[in-house]
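J.: need coordinates for the following:
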Amino acid sequence: MDKHITVPMNKETAGTLRAGEYVYLTGTVYTARDAAHKRMDEILQNGGALPFDIKEQIVYYMGPSPAREGRPIGSAGPTTASRMDKYTPRLLDLGMGGMIGKGKRSPEVMEAVVRNGAVYFAAVGGAGALLSKCITSSEVVAYDDLGTEAVRKLRIENFPVIVVIDSKGNNLYETAVKEYQKTGEDMV
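T.: Numbering: from 1, shown residues only. From the prediction side, this is the model:
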């Protein structure tokens with residue numbers, strides 16, 4: 001059954017989600033990729049504040065293409081999440097509610113997801129043009145000098161994602177392989 005969630009997302013809501021579930025997100029998310037994560041980490045190391053309140057926020061690992069006329073954003077597909085792994089545990093410990101990306105996460109990120117009651121969602125790679133249709137507004141809120149890697153505040157409606165790592169530590173990438181292997185054994 002599909003779920004519809006309003007974001008930002010608190011721990012109670014995150015706790016209801018299970019790996020493998022299809023979810024439609026509506027509300028506000030922030031974008032940040034490699035360069036923005038590096039800059040935020042440097043600011044935190046120097047005792048500074050993040051450019052937005054990260055508590056309960058969902059960070060989408062995405063750098064859009066330029067917007068076409070009449071659209072708030074261009075193609076908006078996910079980028080590989082593992083590139084942010086060295087920064088993610090700290091952000092989760094500061095209260096980040098979850099992330100949207102693609103691909104596997106490190107054991108350290110998985111532990112931080114569980115420790116903080118967060119969620120890792122995947123968006124479909126290669127579907128950036130379709131995903132952009134779920135984005136109703138886009139505003140650069142920090143690091144404009146980074147171009148496509150600037151931090152943006154997005155308003156989204158029915159943005160489709162899949163729960164990959166839930167707040168209990170269940171990992172769809174692991175369970176799906178086991179299910180596939182069982183199916184293959186049944187065919188022999």
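
J.: now do the residue nearest to the spatial centre of the chain against residue 48, distance only.
T.: Nearest to the mean C-alpha position of the chain, counting by Cα atoms, centre = their mean, stands residue 100 at 1.6 Å. As judged by Cβ to Cβ, to the nearest Å, residue 100 and residue 48 stand 25 Å apart. In short, each C-beta sits where N, CA and C put it, glycine included.

J.: find the nearest non-adjacent residue to residue 54, please.
T.: residue 96 (4.9 Å; Cβ to Cβ, 6 or more residues apart in numbering).

J.: where are the low-confidence patches of the protein?
T.: The model of the chain has pLDDT under 70 over residues 176-188.

J.: buried residues of the longest strand seen in it, list them for me.
T.: As assigned by DSSP state E, the longest strand anywhere in the chain is strand 151-165. Going by neighbour count (16 or more other Cβ atoms under 10 Å), the buried part of strand 151-165 is 151-156, 159-165.

J.: picking up where we left off before, quick check: the residue nearest to residue 54 is in a strand.
T.: No. Looking at residue 96 with DSSP: H, G, I helix; E, B strand; the rest coil, it is coil, so not inside a strand.

J.: just checking, residue 76 touches residue 131?
T.: Yes. The pair residue 76 and residue 131 qualifies as a contact (Cβ atoms under 8 Å) at a distance of 5.1 Å.

J.: and those two? which has more neighbours close in?
T.: Neighbour count, other Cβ atoms under 10 Å: between residue 76 and residue 131, residue 76 has more, with 28 against 25.

J.: ok, the closest residue to residue 1 other than its chain neighbours - contacts?
T.: If the residues on either side of it in the chain are set aside, residue 1 comes closest to residue 21, at 7.8 Å by Cβ to Cβ, 6+ apart. Residues counted as contacts of residue 21 (Cβ atoms under 8 Å, 6 or more residues apart in numbering) are 1-3, 162-163.

J.: can I get the residues you listed in a markdown table with distance to residue 122?
T.: As requested, the contacts of residue 21 are exported to a markdown table (distance: Cβ to Cβ, whole Å):
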| residue | distance to residue 122 |
| --- | --- |
| 1 | 18 |
| 2 | 15 |
| 3 | 15 |
| 162 | 5 |
| 163 | 8 |
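
J.: closest to residue 61 among those residues?
T.: residue 162 (14.7 Å; Cβ to Cβ).

J.: so who does the closest one touch?
T.: If you count contacts by Cβ under 8 Å, 6+ apart, residue 162 has them with 20-23, 121-122, 172.

J.: closest to residue 83 out of those residues?
T.: Ranked by distance to residue 83 (Cβ to Cβ), the contacts of residue 162 are led by residue 122 at 14.6 Å.

J.: element containing residue 5?
T.: Applying DSSP states H and E as the criterion places residue 5 in strand 3-7.
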